[in-house]
Each structure stands twice: as C-alpha cells, then as structure tokens.
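Colleague: Sharing a model prediction with you, sequence too.
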Amino acid sequence: MIPLSKRLFAEAFGTFWLVFGGCGSAVLAAAFPDVGIGLLGVSLAFGLTVLTMAYSIGHISGCHLNPAVTVGLWAGGRFPMRDIAPYIIAQLIGAVIAAQLLLFIASGQPDFALTGTGLAVNGYGAQSPGGYSMEAGFAIEAVLTLGFLIIILGSTDSRAPAGFAPIAIGLALTLIHLISIPVTNTSVNPARSTGPALLVGGLAVQQLWLFWLAPMVGALAAGGVYRWLAQEPLAPAITGDNL
C-alpha cells in the first residue's frame, strides 16, 4: 500500500508537469517567430504531459492530475471518496506552482506583458480565442470531459489490453485540445484552469466557475455511463496501488 503522502506528492508533481508543459508550450513556443509550434504543437504538448506522467507515476497515484478525473473515477466506482479532497488539493498546489514558474520564465523576455488572456487562461466571450459564448464553452467542456473520462475508465479497465492506457489517454487529450482550443483554450481540468487564472486575475477568475462546473458535470455523467456500460464489478481502483 503506497502511503497517501507519496501519492499526493506524485499528483502535485504530475499536475505541475501538465500545466507547465501544456501552458508553457502555449505561452513560450506557440507563436515563436518562424518556428512556433502553433495549435497542433500545443495540443500535442498537453497530450505528451499526460502520457509521460501516466507511465511515470500511474503506478504510484493513478496519475489523475485533474480534479474532474478524480471525481469521475469516484463516480465510476474506481476511487475512494475519502481521498478526493486530498487529491484535489495536491493537484491545485501543483498547478499554481507551475503557473508561477511559467510567469517567472515568461517575464524574462523583455517584451513580455501579462494580459487578461495571458498564461494560456481559459475563457468564454471576450476571453475565448474565437469569441465563443458561455453556452458554447459550457457545452464543449462538459462533453469533452465526459468523453475523456469514458476513455480513462475504459482503457484502464482490467479487461482492456494491458499497458496501452497512457497512450490512449494522452492521444485523447491531444484530440480534445485540437477540437476546443479555439472555443475555450481547452480546460477539461479545473486545476489547469485555476493555476493560471489566479495569477492573471480579472475576467479569468470571474469565469473560472465554468471550468469547474462543466468538467465536473461531464465527469459525473461519464462515471454513471461507464458503470452502466461495463457493469459491476469495476476494477481496478485507480489509486496507484493496482496499476
């Protein structure tokens, strides 16, 4: 049995890696003159952060890196309620530290200025890259989180091919970003949204509710849907002890 303290450290570090790698690619590399990685590169970067951490810490903490994933796994019967709050707190700590480090590094560029849409914050309306409405943002965040959790629950099911779950999950997150960066800058992860928003402030914080509520709605729905699809009993628990 892996101690909770070690699992929480793994979650904090993994979420740090996700936010620093994903948001960092958007802030530092997406529009770099002549060789910028663009939307495709940012999407791939987010997927790679999850894929690499899933193989590295999946056997320690389950590699949730996302409060919606933690709640969705509980709804799907794969995670204990008692560990939900500690996991989410650890994920938020990792996300905030990553955002702070990213801001420090970005500030080292002479022309850098922290704007209301800086640090790859999520948003709708004026904060949306494509100007999409609140309703559109809520819908896409909820639906894509639902799909993401179905993929996580299915690929980690004991009946699924062993060893391939990180690849499926990483590619799923890449696909999610390819679809939704123009709409909300892609969250499907309340911790990823919270870290940058707290440093940017203003509208980014005011709109943060959507990037908690919509992913949680999608995650809870996914847990129920997968339990119905897969039938009981569901295994293994995604806590690190069984991976």
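Modeller: Right, received. Where do you want to start?
Colleague: low-scoring stretches of the protein, by residue?
Modeller: 232-235, 241-243 (pLDDT under 70).
Colleague: With adjacent residues omitted, what lies nearest to the residue positioned nearest the centre of it?
Modeller: Residue closest to the mean C-alpha point of the chain, counted by CA atoms, centre = their mean, is Asn189 at 3.7 Å. In space, and not counting its chain neighbours, Asn189 is closest to Asn66: 4.2 Å by CB to CB, 6 or more residues apart in numbering. (Each C-beta comes from the backbone N, C-alpha and C, glycine too.)
Colleague: since we're on the one you found, how many residues are nearby?
Modeller: Using other CB atoms under 10 Å, Asn66 is surrounded by 32 other residues.
Colleague: Just the buried residues of stretch 98-109, please?
Modeller: Across stretch 98-109, burial judged by 16 or more other CB atoms under 10 Å covers 98-100, 102-103, 106.
Colleague: how long is stretch 55-74 end to end?
Modeller: One end of stretch 55-74 sits 21 Å from the other (CA to CA, to the nearest Å).
Colleague: Give me the distance between the residue sitting furthest away from the middle of the chain and Ile167.
Modeller: Largest separation from the mean C-alpha position in the chain: Pro110, at 30.2 Å (CA atoms, centre = their mean). Distance from Pro110 to Ile167, counting by CB to CB, to the nearest Å: 40 Å.
Colleague: now Tyr124
Modeller: Distance from Tyr124 to Ile167, by CB to CB: 31 Å.
Colleague: okay, those two: which has more neighbours?
Modeller: Tyr124 (24 against 14).
Colleague: what about the nearest residue to the more buried one once chain neighbours are set aside, which SS state?
Modeller: Residue nearest to Tyr124 in three dimensions, not counting chain neighbours: Gly137, with 3.7 Å by CB to CB, 6+ apart. With DSSP: H, G, I helix; E, B strand; the rest coil as the basis, Gly137 sits in helix.
Colleague: what sits against Gly137?
Modeller: Counting by CB atoms under 8 Å, 6 or more residues apart in numbering, Gly137 touches 123-124, 128, 183-184, 210, 214.
Colleague: follow-up on the earlier one: so what's the backbone phi/psi at the residue nearest to the centre of the chain?
Modeller: Note on Asn189: backbone dihedrals following degrees, to the nearest 10 are phi -160, psi 100.
Colleague: Number of residues surrounding Gly41?
Modeller: Using other CB under 10 Å, Gly41 has 15 other residues around it.
Colleague: The helix or strand hosting it: what's the following helix or strand?
Modeller: Using DSSP states H and E, Gly41 falls within helix 38-61. The first helix or strand that comes after helix 38-61 along the chain, using DSSP H and E, is helix 67-75.
Colleague: and the angle from the helix holding Gly41 to helix 67-75?
Modeller: Helix 38-61 runs at 50 degrees relative to helix 67-75, counting by axes from the mean of the first three to the mean of the last three CA atoms, to 10 degrees.
Colleague: Next one: Gly38 relative to Ser187, how far apart?
Modeller: From Gly38 to Ser187 the distance is 19 Å (CB to CB).
Colleague: check contacts around the closest residue to Gly72 other than its chain neighbours.
Modeller: Spatial nearest neighbour of Gly72, excluding adjacent residues (CB to CB, 6+ apart): Ala219 at 3.2 Å. With contacts defined as CB under 8 Å, 6+ apart, Ala219 is in contact with 68-69, 71-72, 75, 145-146, 149.
Colleague: How many residues are close by Pro86?
Modeller: Neighbours of Pro86 using other CB under 10 Å come to 15.
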